[in-house]
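Novice: below: sequence and its predicted model.
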Amino acid sequence: MSDESTPDEIQAIPHDGEGAEKIHVDALRLRDRVILHTAKSTYVLTVGRNLHCILSSTNPEAKVGQIILRGGTNADVTEYTPNRIFVGGRLAYAFDEDASELVTTSAIESLVYEPGLR
């Protein structure tokens with residue numbers, strides 16, 4: 001979560017309210033929000049420091065709260081992508097720094113990036 005972004009990272013994060021195909025985790029900054037729509041729920045990821053985030057959901061059964069963002073996986077959860085979250089994949093996260101198992105959302109159908117107030 002640095003303040004510097006490469007050109008590829010900037011292209012992967014759209015302007016306010018527009019959909020994205022993928023988001024580079026390293027390009028996310030403090031207070032940025034990512035809204036993820038799945039078949040089962042809508043998730044809102046609010047970025048904190050050092051990949052610590054708040055994850056909320058419209059599904060009361062979803063595992064949410066204070067999380068450590070780990071990136072994403074493909075839809076089958078067979079390929080881990082620590083540097084990006086993408087449409088067709090799943091959000092991957094943990095509740096503890098030392099956790100070896102990842103929690104994942106349902107497959108992501110759309111992503112919306114909202115930059116935080118600077």
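Specialist: Perfect, thanks for sending it.
Novice: contacting residues for residue 101?
Specialist: Residue 101 is in contact with residue 94, counting by C-beta atoms under 8 Å, 6 or more residues apart in numbering. For every residue, glycine as well, the C-beta is placed using N, CA and C.
Novice: what's the pLDDT at it?
Specialist: pLDDT for residue 101: 90.
Novice: for it, helix, strand, or coil?
Specialist: Here residue 101 is recorded as coil under DSSP: H, G, I helix; E, B strand; the rest coil.
Novice: residue 78: neighbour count?
Specialist: 7 (other C-beta atoms under 10 Å).
Novice: my guess is it is in a helix, correct?
Specialist: No: read with three-state DSSP, residue 78 is coil and lies in no helix.
Novice: contact partners for it?
Specialist: With C-beta under 8 Å, 6+ apart, residue 78 has no contacts at all.
Novice: what pLDDT is listed against it?
Specialist: Reported pLDDT for residue 78: 94.
Novice: now do residue 92
Specialist: Residue-level pLDDT assigned to residue 92 equals 97.
Novice: and it, what helix or strand is that in?
Specialist: Using DSSP states H and E, residue 92 sits in strand 90-94.
Novice: how far does that strand sit from its chain's centre?
Specialist: 7 Å (C-alpha atoms, centre = their mean, to the nearest Å).
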